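In: Sequence and predicted structure, then a few things I'm wondering about:
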Amino acid sequence: MQKRFTYALAAGVLSSGAPAGLLGVRLTRKPCDGISLQRVRRHITDERASYLYVGATTAVIFGMFGYLLGRRVDALAQLSETDSLTGLLNARGFSARLGDELKRSRRYREPLTLLFFDLDGLKDINDRHGHRAGSMALRRAARIIRSELRETDVAARWGGDEFTLIAQKTGAETGMALADRIRRRIADRMAAWPLTASVGVATADPQNTAALEPKALLGEADLAMYEAKKRGKNSIFTFGPVAPLTH
């Protein structure tokens with residue numbers, strides 16, 4: 001649940017103290033020999049409309065304040081998990097989502113494939129054309145990756161020139177095809193720089209609980225990506241049963 005709703009609910013609960021506080025003030029201001037339960041009941045019955053009004057208006061005001069405060073907290077949390085350059089998730093946000101998606105994969109016994117991209121040649125772009133050009137290249141690569149996402153997929157800038165992608169309900173073969181499609185689009189669209197991508201692919205098998213650990217899956221995808229770079233860059237590699245694709 002987003003914090004805005006949690007904060008609004010908590011503020012609404014806290015507002016219930018307003019009618020009780022009003023009751024206490026009124027009872028202590030009226031001279032009497034003592035405060036009995038019967039007197040309190042009679043007073044509440046006589047002033048029911050007043051207490052309902054105070055309770056309702058306080059709940060609305062407190063609830064709105066809590067909602068606005070919670071919305072601000074949600075916005076700050078989103079910023080803390082978003083890469084400012086590309087608009088994709090950052091490593092922190094991606095790690096949290098990967099853990100959640102692997103739990104979902106285990107629960108529903110569905111495969112999940114993780115793609116790990118490393119841009120080949122970004123350092124040369126930075127050295128020859130400056131970091132502004134490198135930033136433009138990163139944003140373009142991010143747009144290409146985002147354009148290939150399904151509604152349920154998740155992409156992130158892992159750091160530097162590395163990107164990651166979670167493909168839900170996706171086995172090794174489909175994951176390899178997705179990786180190859182993105183790799184080809186990056187090579188075609190970024191040919192003027194030039195810039196390509198080496199991609200590592202790792203698939204979580206819901207039958208194998210060890211493979212569903214986030215660190216293990218990330219480690220496999222990372223190693224596969226380095227193997228792709230060793231094999232000439234602009235290629236794809238997976239340690240699974242699917243034969244690696246190359247350019």
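Out: Sure thing, it's come through.
In: Please make it C-alpha for all contacts and neighbour counts, starting now.
Out: Noted.
In: Gly87 - how many residues pack around it?
Out: For Gly87, the neighbour count with other CA atoms under 10 Å is 17.
In: swap in Arg150?
Out: The burial count assigned to Arg150 is 10, neighbours taken as other CA under 10 Å.
In: again with the one 4 residues further on
Out: Applying other CA under 10 Å, we find 20 other residues in the vicinity of Val154.
In: and if you look at the one 5 residues further on?
Out: The burial metric for Gly159, expressed as a neighbour count using other CA under 10 Å, is 12.
In: Now do the phi/psi pair for it.
Out: phi 150, psi 140 (degrees, to the nearest 10).
In: so where do the strands sit in the protein?
Out: In chain order, the chain shows strands spanning 112-120, 154-159, 162-168, 196-204, 236-238, with DSSP state E as the criterion.
In: for this protein, what spans make up the helices?
Out: Secondary structure of the chain (DSSP state H): helices at 3-14, 17-29, 37-46, 48-80, 91-108, 122-129, 131-147, 172-189, 214-230.
In: rewinding a little: which one, of the strands of the chain, ends up nearest to Ile182?
Out: With CA to CA as the measure, strand 196-204 is the member of these nearest Ile182 (8.7 Å).
In: Show me the domain layout of the chain.
Out: Using automatic domain parsing, the domain parsing of the chain gives 3-80, 91-238.
In: and the helices of the chain, which one's lowest on average pLDDT?
Out: Taking each of the helices of the chain in turn, the one with the lowest mean pLDDT is helix 17-29, at a mean of 50.
In: I'd assumed Thr170 was in contact with Leu115.
Out: No: using CA atoms under 8 Å, Leu115 and Thr170 do not qualify as a contacting pair, with a distance of 11.1 Å.
In: Neighbour count for those two, which is higher?
Out: With neighbours defined as other CA under 10 Å, Leu115 and Thr170 compare such that Leu115 has more, 28 against 19.
In: How about the contacts made by that one?
Out: When the contact criterion is CA atoms under 8 Å, 6 or more residues apart in numbering, the partners of Leu115 are Thr164, Leu165, Ile166, Ala167, Gly175, Ala179, Val199, Gly200, Val201, Ala202, Ala221.
In: Show me what it is bridged to.
Out: On the basis of DSSP bridges, Leu115 is bridged to Leu165, Val201.
In: Distance-wise, check it relative to Gly171.
Out: Using CA to CA, to the nearest Å, one gets 12 Å for the distance from Leu115 to Gly171.
In: and what of Met190?
Out: As it turns out, when the distance is counted by CA to CA, Met190 lies 28 Å from Gly171.
In: Looking at those two, which one has more neighbours?
Out: For Met190 versus Gly171, the count of surrounding residues by other CA under 10 Å is larger for Gly171: 18 against 15.
In: Contacts only, for Ala192.
Out: Applying CA under 8 Å, 6+ apart to Ala192 gives no contacts.
In: Without its sequence neighbours, what residue ends up closest to Thr203?
Out: In space, Thr203 comes closest to Thr113 once its chain neighbours are excluded; the distance is 4.2 Å by CA to CA, 6 or more residues apart in numbering.
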